[in-house]
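Chemist: sharing a sequence plus its predicted fold:
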Amino acid sequence: MSKEYDVVVIGSGPAGYVAAIRCAQLGFSTACIEKWLNKDNKTVYGGTCLIVGCIPSKALLDTSHKYVEAQEHFAVHGIKVSKVGMDVPAMIERKDKVVTQLTQGVKGLFTANKVEGIAGTGKLISANKILVSGHDGKQEELAAKHVIIAAGSIPIDIPPTPVDQETIVDSTGALEFQEVPKRLGVIGAGVIGLELGSVWARLGSEVVVLEALDEFLPMVDRQVAKEAQKILTKQGLDIKMGARVTGSKLSKGAKKSVTVEYTDKDGEQKAQFDKLIVAVGRKPFTEDLIDPAVGIEFDERGFIKVDDQCATNIPGVYACGDVVRGPMLAHKGMEEGVMVAERIAEKKTQVNYDLVPSVIYTHPEIAWVGKNEEELKAAGVDYKVGVFPFAANGRALAANDADGLIKTIADAKTDRILGCHIIGPSAADLLQQMVIAMEFSASAEDIGLTMFSHPALSEGVHEAALAANGHAIHIGNRKRRK
Ligand code: FAD
Ligand code: NAD
């Protein structure tokens, strides 16, 4: 007889583990199946985000930022450091420790909430039956009143540069280099390309980023994207736009390198690298996940089709996180995980897909929410803009970290905030203030009337909102309003 649960979750990434914990909190007997094994062949919970994504990349971004600070920025503060050294294996080891701490944390949360973690690969074989194939080859069938599929995503491969995880790597391989590559190629000037490119550039690699599109960060507000391109280029990223990769050749011999062939506006080009990171996007991880007889529908890009509340076309089967439509972001998956659990419990709940914040964790950080100017222009919406540069913020200057700006966009008639776009120090945390404000339908005037601590980076949020109405105090206003 198969073991029976109220809810079985397939995948323990941020969408899956959050869904499982919330289901258990709501009183459902819950199991979460996970197939990921660590280097010691032990099951680890936490998915891409905790094991090879958000957390390890930020650990290395923080480490490499501290290295740059010690090497270049301490002197400005009058701190003399005679020689700054580097131990790359120690950096990687520290990153691994952070990952272990957090993945163990998920295991602890499962125990505390009475979620049963099950090691193995899950496959949906009917609307309420899941076949689990253990790593020892044994198979077990589980029965569930409700199933939540949260199998996540994997990197996209492109034929000209097959990943061998040695010389040509994906994002996972790029978190494991044991020495700094002298010349590093990155394919894709997207989020991963810029974050991981920054890590290794800060540690001394000559980094060349090859991007197929002509426009840098097309999803970002143009003013912010332009500022980002300027700053990142100054930091040493050689970003080549309109570069289409056509092939690659691995060198022979002990010290491997790769020659990448690409075309750009000047014709055919070649570049040689010690390592190459392929970061051209991710795709839903659905291989052998669902028996076709179950009848689950997929969209044309391979995502599991769901409604606004993450229900599939099969009653009782839900899907959330990277395996469904929408941005591939951990926080989007987590909110969907909670929504699905509450929907199963017949509570009314909804994710606000209009207010999903996005962040690129370069330094300075790039963060945005809501609409940008280009989108509003295209939609014919009449809007007003307030911009405040960090160069006019006392706290940013005190920290010698004053590159960038905050831009607030509000509806010209109602004054309701429609978007916020930041490039600057702690942009992710600053943006969150505006996400909360927008969730409560705040106007630019509401933010202007709020008192902000001084001196703080968040005063820039205040001033940008004031500037939208021509009332900024610490910069000249472009257009005065009464
Ligand atoms: P995943 O985290 O991919 O988890 C899915 C889990 O399901 C995995 O553990 C997998 O092993 C398991 N699984 C799959 N199939 C099965 C099966 N058949 N049986 C059992 N288990 C299965 N997002 C952010 O918001 N902020 C960031 O800063 C950020 N940085 C990133 C950096 C990098 C380098 C990468 C690669 C991604 C980053 N992301 C970031 C994206 C983020 O990691 C994903 O959006 C998020 O992990 C998706 O969560 P998920 O639960 O849907 O899937
Ligand atoms: P991405 O979609 O952000 O960027 C991929 C880039 O590669 C694009 O600019 C695309 O034009 C380019 N590209 C595609 N094919 C190419 C080719 N053949 N040659 C040259 N360029 C090519 O994808 P990503 O950076 O791989 O990240 C994957 C996902 O992970 C994203 O959806 C992102 O949301 C998520 N992620 C988020 C964060 C974060 O929130 N800070 C960090 C890392 C990853």
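Modeler: Perfect, I can see it now. Numbers count the residues shown, from 1 in each chain. Ligands and ions are numbered 1, 2, ... in the order given.
Chemist: the longest helix seen in the chain: what's the following helix or strand?
Modeler: Longest helix in the chain, counting residues (DSSP state H): helix 88-113. Downstream of helix 88-113, the first helix or strand assigned by DSSP states H and E is strand 115-119.
Chemist: that next one versus helix 88-113: what angle between them?
Modeler: Relative orientation of strand 115-119 versus helix 88-113 (axes from the mean of the first three to the mean of the last three C-alpha atoms, to 10 degrees): 130 degrees.
Chemist: got the contact list for strand 115-119?
Modeler: 5, 12, 17, 20-21, 23-24, 30-35, 43, 45, 107, 109-110, 132, 134-135, 142 (C-beta atoms under 8 Å, 6 or more residues apart in numbering). (C-beta placed from N, C-alpha, C; glycine too.)
Chemist: now, those residues that are in strands?
Modeler: Counting by DSSP state E, the contacts of strand 115-119 place Tyr5, Thr30, Ala31, Cys32, Ile33, Glu34, Val132, Leu142 in strands.
Chemist: would CSV of those with distance to ligand 1 and pLDDT be doable?
Modeler: Below are those laid out as CSV (distance: C-beta to the nearest ligand atom, whole Å; pLDDT from 0 to 100):
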residue, distance to ligand 1, pLDDT
Tyr5, 15, 98
Thr30, 15, 98
Ala31, 11, 98
Cys32, 9, 98
Ile33, 5, 98
Glu34, 5, 98
Val132, 8, 98
Leu142, 12, 98
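Chemist: tell me where the model's unsure across this structure.
Modeler: By pLDDT under 70, the low-scoring segments of the chain are 479-482.
Chemist: for the stretch 201-350 of the chain, which residues are neighbours of ligand 2?
Modeler: 210-213, 244-245, 279-282, 327-329 (C-beta under 6 Å from any ligand atom).
Chemist: actually the stretch 351-482 of the chain, not the one I typed
Modeler: Val359, Ile360, Tyr361.
Chemist: what's the neighbour count on Leu355?
Modeler: Other residues lying near Leu355 total 13 when counted by other C-beta atoms under 10 Å.
Chemist: quick one, phi psi at it?
Modeler: Phi and psi for Leu355, reported as degrees, to the nearest 10, are phi -120, psi 50.
Chemist: check contacts around it.
Modeler: Taking C-beta under 8 Å, 6+ apart, one finds Val369, Gly370, Val435, Met438, Glu439 in contact with Leu355.
Chemist: show me how the chain divides into domains.
Modeler: 3-155+283-353, 168-271, 364-468 (automatic domain parsing).
Chemist: CSV please, covering the ones you listed and showing mean neighbour count.
Modeler: Formatted as CSV, the domains of the chain follow (neighbours: other C-beta atoms under 10 Å):
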stretch, mean neighbour count
domain 3-155+283-353, 18
domain 168-271, 18
domain 364-468, 20
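Chemist: in JSON lines, list those along with distance to Thr161.
Modeler: Shown next, in JSON lines, are these (distance: least, C-beta to C-beta, whole Å):
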{"stretch": "domain 3-155+283-353", "distance to Thr161": "12"}
{"stretch": "domain 168-271", "distance to Thr161": "5"}
{"stretch": "domain 364-468", "distance to Thr161": "26"}
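Chemist: residue of the stretch 51-200 of the chain nearest ligand 2, please.
Modeler: Taking C-beta to the nearest ligand atom, ligand 2 has its nearest neighbour within the stretch 51-200 of the chain at Gly190, 1.7 Å off.
Chemist: dump the residue contacts of that residue.
Modeler: Contacts of Gly190 by C-beta under 8 Å, 6+ apart are Ala279, Val280, Gly281.
Chemist: rerun at 7 Å
Modeler: By C-beta atoms under 7 Å, 6 or more residues apart in numbering, the residues touching Gly190 are Ala279, Gly281.
Chemist: spell out which parts of the protein neighbour ligand 1.
Modeler: Near ligand 1, when you scan the chain using C-beta under 6 Å from any ligand atom, you find 10-16, 33-36, 47-49, 53-54, 57, 121-122, 150-153, 171, 192, 285, 289, 321-323, 328-331, 333, 361.
Chemist: in strands, which of the residues you listed appear?
Modeler: Using DSSP E, the residues of the chain next to ligand 1 in strands are Ile10, Ile33, Glu34, Thr121, Gly122, Ser153.
Chemist: go ahead and flag the most central residue of the chain.
Modeler: Nearest to the geometric centre of the chain sits Leu329, at 5.0 Å (C-alpha atoms, centre = their mean).
Chemist: how much space between it and Ala15?
Modeler: Separation of Leu329 from Ala15 (C-beta to C-beta, to the nearest Å) stands at 10 Å.
Chemist: and the longest helix of the chain with strand 30-34, angle?
Modeler: Using the same axes, to 10 degrees: helix 88-113 against strand 30-34 is 160 degrees.
Chemist: which stretches of the stretch 351-482 of the chain form helices?
Modeler: Taking DSSP state H, counting those that start in this stretch as the test, the helices found in the stretch 351-482 of the chain are 373-379, 394-398, 427-439, 444-448, 459-468.
Chemist: for Ile92, find the nearest of these.
Modeler: When the helices of the stretch 351-482 of the chain are compared by C-beta to C-beta, helix 427-439 sits nearest Ile92, at 24.0 Å.
Chemist: relative to Asp403, how far out is whichever residue of the stretch 1-150 of the chain sits closest to ligand 1?
Modeler: Ligand 1 sits closest to Gly13 of the stretch 1-150 of the chain, with a gap of 2.2 Å, by C-beta to the nearest ligand atom. For Gly13, the distance to Asp403 equals 33 Å [C-beta to C-beta].
Chemist: check Asn393 too.
Modeler: 11 Å.
Chemist: same check on Gln272?
Modeler: Applying C-beta to C-beta to Gln272 and Asp403 gives a distance of 32 Å.
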